[in-house]
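J.: next comes the sequence, and after it the predicted model I'd like to discuss.
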Amino acid sequence: MNVHTQTEFRNHTLIVSVSSDDGRPVLDRRAYESLAKTFHEAAVDDDVRVVVLRGLAGCFCLGGDFSEFLDATKHQRLIAAVTDMFRTLATFPKPVLACVDGGAVGVGCTILFHCDMVIASDESTFRVPFVDFGLVPDAATSILAPQKLGYAGAFRFFCLGDTLSAEDARMLGLVTEIVAGDVEEAALGRARQLAKKPVAALLQTRDLLKGDTGALCDRIDQEISLFQQALQDDATLKRLQRIARLAA
């Protein structure tokens, strides 16, 4: 039974926890599939007007499951699940908010670029160490990051792999608001505001602001292709194995 990748529904807001089925703050193939299914269903459910993403207590998400990167027998299903989830998120027609309390690393950070608002605690940190791992960014962030952070900010964040504080992330434009109290309640407060708006006008305005999402889906496919190639490179695999041992 899925215990940790939970959803709650309150006042036209779907709250989705970002974690693996066994309660780790990472995304594995099953978690990607679960998230994609949840977003597919929410997209066509008229009762859902806003989605809020949250992590586990004290940690938003620490990225993908390294064990799946290192097991070639899992790559095909993993790539399919990742592609479906990212494409679903890129084309999702309703507002998505995130409440971040703690670390947001790798895909746990790139998923935030698809959110319309990111509400963070002042203890939150953000890092995308893809280049350090021998990989490229995912989730169409090679488009979204320069748009949101500017080219120089995106280059520094992704290519240097620096860890950003919540204030650094807010100054760059990744974080919308920083709260000192209950970050989830703050995000739900914003969700309630949005859920009360005239639905058609809200969705049409968001759609106009986001523009054509076709380019995002094309970039997701390109990034995934490069990711697959990297997982077939011996030097990259050895690097990932060393990192996995250090993290164990």
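T.: Great, that's in hand.

J.: what about F66, how many neighbours?
T.: Burial of F66 is recorded as 19 neighbouring residues (other CB atoms under 10 Å). Bear in mind the C-beta positions are built from the backbone N, C-alpha and C, glycine included.

J.: can you check E33 too?
T.: Per other CB under 10 Å, the neighbour tally for E33 reads 18.

J.: and the lowest-mean-pLDDT helix or strand in the chain, what does it pack onto?
T.: Between all helices and strands in the chain, the lowest mean by mean pLDDT, DSSP states H and E belongs to helix 234-247, at a mean of 87. When contacts are defined as 3 or more CB pairs under 8 Å, 6 or more residues apart in numbering; DSSP states H and E, helix 234-247 packs onto helix 66-69, helix 130-133.

J.: comparing the ones you listed by mean pLDDT, which bottoms out?
T.: Summarising mean pLDDT across the helices and strands packed on helix 234-247, the least confident stretch is helix 66-69, with a mean of 90.

J.: please save the CA atoms from the following helix or strand past it in PDB.
T.: Tracing the chain C-terminally past helix 66-69 and defining elements by DSSP states H and E, one meets helix 75-90 next. Output in PDB follows, covering the C-alpha atoms of helix 75-90 (Å, rounded to 0.1, in the frame of the first residue of the first chain):
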ATOM      1  CA  HIS A  75      16.600   2.400 -17.200                       C
ATOM      2  CA  GLN A  76      13.800   1.800 -19.800                       C
ATOM      3  CA  ARG A  77      10.900   2.000 -17.300                       C
ATOM      4  CA  LEU A  78      12.600   4.800 -15.400                       C
ATOM      5  CA  ILE A  79      13.000   6.900 -18.500                       C
ATOM      6  CA  ALA A  80       9.400   6.300 -19.500                       C
ATOM      7  CA  ALA A  81       8.100   7.300 -16.100                       C
ATOM      8  CA  VAL A  82      10.300  10.400 -15.900                       C
ATOM      9  CA  THR A  83       9.300  11.600 -19.300                       C
ATOM     10  CA  ASP A  84       5.600  11.100 -18.600                       C
ATOM     11  CA  MET A  85       5.800  13.000 -15.300                       C
ATOM     12  CA  PHE A  86       7.700  15.900 -16.700                       C
ATOM     13  CA  ARG A  87       5.500  16.200 -19.800                       C
ATOM     14  CA  THR A  88       2.400  16.000 -17.600                       C
ATOM     15  CA  LEU A  89       3.800  18.700 -15.300                       C
ATOM     16  CA  ALA A  90       4.800  21.000 -18.200                       C
END
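
J.: now for L237: which residues touch it?
T.: L237 makes contact with L70, L231 under the criterion CB atoms under 8 Å, 6 or more residues apart in numbering.

J.: now do the helices in this protein.
T.: Along the chain, the stretches classed as helices by DSSP state H are 29-43, 66-69, 75-90, 107-110, 130-133, 141-149, 151-155, 166-172, 183-195, 199-210, 214-230, 234-247.

J.: most tightly packed of those?
T.: When neighbours are counted by mean count of other CB atoms under 10 Å, the highest per-stretch mean among these falls to helix 107-110, a mean of 28.

J.: got a list of contacts for that one?
T.: 18, 25-27, 55, 60-64, 126-128, 137-139, 141.

J.: mind running it again at 6 Å?
T.: Counting by CB atoms under 6 Å, 6 or more residues apart in numbering, the neighbours of helix 107-110 from elsewhere in the structure are L27, F60, C61, L62, G63, G64, F126, V128, D138, A139, T141.
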